[in-house]
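below: sequence and its predicted model.
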Amino acid sequence: MSILLQFVLLIVGFVFLIKGSDFFVDGASSIASLLKIPTIIVGLTIVAFGTSAPEAAVSITSAITGNNAMAVSNVIGSNLFNILMVIGISALLGELLMEKDVLNKDLPFLVGITVLFAVFIIIGWNVSQIEGIILLIILIAYMVHLIKSAKKSDNANVVEKPKFTLPYSILFIIIGLAGIVIGGDLVVNSASDIAIAFGMSETLVGLTIVAIGTSLPELVTSLTALKKGENQLVIGNVIGSNIFNILFVLGASSAITAISLDSSMLIDVTFMVFVTVLCFIFGKTQDKFDRKEGAILVALFIAYMIFAILRN
């Protein structure tokens, strides 16, 4: 199969992933509204899962097919892109304010599970099935905490008007899930073939092409929120997505089958921990991200991409 066709299939796969996520979120949100589930809880659960669905589809498919390096590098690359580029670009366009709950609870939690992820890898250069299950248990506990906190908030009783009837909502969910599954399969297979054709490693493809492609929903969502003046949603979207990437995407992938890694990925894991801690420091010092910090984040991403490509 020609390399050009593989790139076409890769793009088609990304389209299926992104549009599938949109359909899934719309359908699930509509059903939640029909069931009178508060908007804030929908946002904390369904939307958060939806924007991480592309990463989940790619990593789980990679784990099942034995492409372990891509399964993990996709999570690492996506989390780096979310912090360095999504927050970085958004901060360059306008200051991003931090909510106290996000700064004092969610961001420290992200730092904690990122360090835990690094510890799991360093212990045996793999993420075992037991460790994957531990990550999923932490996710369940975190979701329960979020829902309880949301119910206590002033916005807990706000319910959006349903977008569709129940049959259409179910149809959107089915189409969305089908798109996510098909897209994930296309991305993994075509990306692997491209890597082989160009002599690239699965790790590099996962850290760059696949990671950026699967992070497009977060970027589009954040820039849309920024355009509407909802700056705080940008930070929440990124932090929520990164938490889901580690706890759900990596947790589910490794729970299905243990994921082994090469010790060369220590640099990437260490850099992800550094970037996550840096994000916390930037947010904590001023309760916001300004343009200078945005420029630093974008510059770090460019430097890392150059390093990743040259290392290959």
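Nice, I can see it.

report pLDDT for V188.
Note on V188: pLDDT of 74.

how about it: what's its closest non-neighbour residue?
T61 (4.7 Å; C-beta to C-beta, 6 or more residues apart in numbering). Every C-beta, even on glycine, is put in place using the N, C-alpha and C of the backbone.

which residues touch the one you found?
G184, D185, V188 (C-beta atoms under 8 Å, 6 or more residues apart in numbering).

helix or strand for the first one, just tell me which one.
G184 is located in helix 166-198, with elements delineated by DSSP states H and E.

in the stretch 51-200 of the chain, where is pLDDT below threshold?
153-160 (pLDDT under 70).

mind listing the strands for it?
96-97, 126-127 (DSSP state E, counting those that start in this stretch).

which ones are touching A197?
By C-beta under 8 Å, 6+ apart, the contact list for A197 reads I3, Q6.

what do you get if the cut-off is 7 Å, keeping everything else the same?
I3 (C-beta atoms under 7 Å, 6 or more residues apart in numbering).

out of the contacts of T61, who's the most crowded?
Using other C-beta atoms under 10 Å as the neighbour criterion, V188 leads these with 29 neighbours.

and the helix holding G184, how far out from the chain's middle?
16 Å (C-alpha atoms, centre = their mean, to the nearest Å).

list the buried ones in that helix?
169, 172-173, 175-177, 179-195 (16 or more other C-beta atoms under 10 Å).

and for stretch 133-144?
So, applying 16+ other C-beta under 10 Å, buried residues of stretch 133-144: I134, L135, L136, I138, L139, Y142, M143.

the fourth one and I243, how far apart?
Distance check for I138 against I243: by C-beta to C-beta, to the nearest Å, it reads 10 Å.

what do the two both touch?
Shared contacts of I138 and I243, defined by C-beta under 7 Å, 6+ apart, are found at I113.

so where's the stretch 201-312 of the chain shaky on pLDDT?
228, 230-233, 312.

how about the strands of it, start to end?
Under DSSP E, counting those that start in this stretch, the stretch 201-312 of the chain gives strands at 259-260, 288-289.
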